[in-house]
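Student: need the 3D shape of this:
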Amino acid sequence: MAIQLTHLTKHFGDTPVLDDITATINEGEFYVLVGPSGSGKSTILRIIAGLIPATSGDIYFDDKKVTDAAPKDRHLAMVFQNYALLPFMSVAENIRFGLHNLHLSTADEDARVADALQMVHLSDLADRKPKELSGGQQQRVAVARAIATQANLVLMDEPLSNLDAQLRTEMREELVELHKALKMTLIYVTHDQTEAMTMGERIMVLNDHRIQQVGTPLELYNHPQNAFVATFIGSPKMNMFTVTVDAAAKTITLPMVDEDGRPALIPLPAGIPSGTYQLGVRPEKVRLSLASASEYDVPVTVVNVASLGRASNVAVKNSDVEFIADIAEQFPEDAAKAFVTFPTAAADLHFFAPDTGLAVTSAAEKAGVTDGIA
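Tutor: Residues are numbered from 1 along each chain as shown. Sure thing, here's the model as predicted:
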């Protein structure tokens with residue numbers, strides 16, 4: 001089932017919650033809504049489910065308008081953050097309960113319950129009550145109840161947020177495998193960008209009640225359209241610096257100093273006009289060494305070394321500017337001083353307009369900028 005959202009808005013009284021949400025979710029797609037708390041993710045899900053009405057705009061399922069359809073007529077299944085299991089029912093009875101409105105025969109219900117239990121690896125626990133299950137097992141029951149309906153659309157609202165880190169990782173993998181096997185359209189809400197990146201085929205990033213960007217995980221990571229997406233997607237998050245570009249001299253002046261106390265410069269890629277920008281650099285693109293190897297290396301004080309075993313996240317500082325180098329090796333935990341080499345490839349340097357936060361190409365296209373930032 002393909003889903004079309006057209007100019008959805010939502011207000012609670014005078015408070016705006018969603019502003020002009022337009023998107024297409026393809027049939028069979030694992031589509032993730034991600035953003036900070038209060039950005040409107042769960043509201044979109046509830047409007048799609050018919051649990052709350054939109055203030056304006058329309059919803060289409062396979063080109064059929066369902067904006068005003070009752071929830072029971074939308075033929076979808078939903079998995080909630082709190083699992084919503086009935087404590088007095090067994091695992092099998094909870095799954096069967098989700099089938100009552102489908103008017104199936106007892107034999108068909110039995111078959112669907114058995115198939116769903118097998119898919120989530122809970123066949124041996126069919127007679128247990130929810131209180132006898134772990135958090136991960138309870139979540140599997142909620143997922144089984146949804147997939148047993150054989151709905152073409154499944155909505156999941158922060159379903160893993162109550163699980164510990166290891167179990168979240170395991171359940172992410174299981175949900176991705178289930179989606180591949182069942183090929184249903186799945187819309188998944190999370191505030192965790194790592195969860196979004198590892199699960200979604202496409203991701204809608206929301207902030208301030210608006211869509212910031214829609215794309216595949218790598219599109220969002222490599223080509224963020226604004227500073228919010230750039231810093232929200234990725235862990236550790238992108239380093240951001242206020243810099244000055246001199247197109248004639250082909251240099252970028254960083255808010256730091258070199259070994260001689262002069263403003264630190266790095267080479268400028270072609271095509272960036274003179275002006276002031278926010279410059280974004282991914283932590284893994286920042287090279288860190290104990291000795292200087294280039295005239296463009298910047299001396300730094302080591303603030304903290306977070307050792308991850310095979311890698312290190314190193315917080316460094318120059319001129320009160322602190323940032324992160326994410327290096328794929330162990331770094332001496334007792335190091336006090338080091339040198340940073342910034343990338344020079346255009347693909348590794350992300351420029352954003354300081355006033356709008358738009359990526360420079362977007363800023364130029366929208367504002368008609370040809371000489372610096374307007």
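Student: does F228 touch I211 like I think?
Tutor: No. If you go by CB atoms under 8 Å, F228 and I211 don't touch, sitting 11.2 Å apart. Heads up, the C-betas are built off the backbone N, CA and C, glycines and all.
Student: find residues that contact each of these two.
Tutor: V205 (CB atoms under 8 Å, 6 or more residues apart in numbering).
Student: which element, helix or strand, includes the closest residue in space to Q212 that isn't next to it in sequence?
Tutor: The shortest distance from Q212 to any non-neighbouring residue, by CB to CB, 6 or more residues apart in numbering, is to V205 (4.5 Å). Taking DSSP states H and E as the criterion, V205 maps to strand 202-207.
Student: so what are the sheet partners of that strand and their directions?
Tutor: Here strand 202-207 has these sheet partners by DSSP bridges: strand 30-34 (parallel), strand 210-215 (antiparallel).
Student: what are the boundaries of the strands in the stretch 1-150 of the chain?
Tutor: Taking DSSP state E, counting those that start in this stretch as the criterion, the stretch 1-150 of the chain carries its strands at 3-12, 15-25, 30-34, 56-61, 64-65, 76-79.
Student: would you reformat these as a markdown table and include mean pLDDT, mean neighbour count and distance to T169?
Tutor: Formatted as a markdown table, the strands of the stretch 1-150 of the chain follow (pLDDT from 0 to 100; neighbours: other CB atoms under 10 Å; distance: least, CB to CB, whole Å):
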| stretch | mean pLDDT | mean neighbour count | distance to T169 |
| --- | --- | --- | --- |
| strand 3-12 | 97 | 17 | 28 |
| strand 15-25 | 96 | 17 | 25 |
| strand 30-34 | 98 | 25 | 16 |
| strand 56-61 | 98 | 17 | 32 |
| strand 64-65 | 96 | 11 | 38 |
| strand 76-79 | 92 | 24 | 18 |
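Student: low-confidence stretches in the chain?
Tutor: 361-374 (pLDDT under 70).
Student: longest helix in it, please.
Tutor: helix 165-182 (DSSP state H).
Student: list the buried residues in that helix.
Tutor: In terms of neighbour count (16 or more other CB atoms under 10 Å), helix 165-182 has its buried residues at L167, R168, M171, R172, E174, L175, V176, L178, H179.
Student: now do stretch 76-88: distance from first to last residue.
Tutor: 25 Å (CA to CA, to the nearest Å).
Student: now that stretch, how far from the centre of its chain.
Tutor: 23 Å (CA atoms, centre = their mean, to the nearest Å).
Student: outside of it, which residues touch it?
Tutor: Contacts for stretch 76-88 (CB under 8 Å, 6+ apart): 45, 48-49, 93-94, 97-98, 129-131, 138-139, 141-143, 145-147, 149, 151-159, 161-162.
Student: recalculate using a threshold of 6 Å.
Tutor: Applying CB atoms under 6 Å, 6 or more residues apart in numbering, the set of residues contacting stretch 76-88 from outside is 49, 94, 130, 138, 141-143, 146, 149, 151, 153-159, 161.
Student: toward the C-terminus from the longest helix of the chain, list the very next helix or strand.
Tutor: Heading C-terminal from helix 165-182, the first helix or strand you meet, by DSSP H and E, is strand 185-190.
Student: who does that next one touch, helix- and strand-wise?
Tutor: strand 30-34, helix 41-49, strand 153-157 (3 or more CB pairs under 6 Å, 6 or more residues apart in numbering; DSSP states H and E).
Student: circling back: now the strands of the stretch 1-150 of the chain in TSV, with distance to I266?
Tutor: Output for these, formatted as TSV (distance: least, CB to CB, whole Å):
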stretch	distance to I266
strand 3-12	43
strand 15-25	38
strand 30-34	32
strand 56-61	46
strand 64-65	54
strand 76-79	48
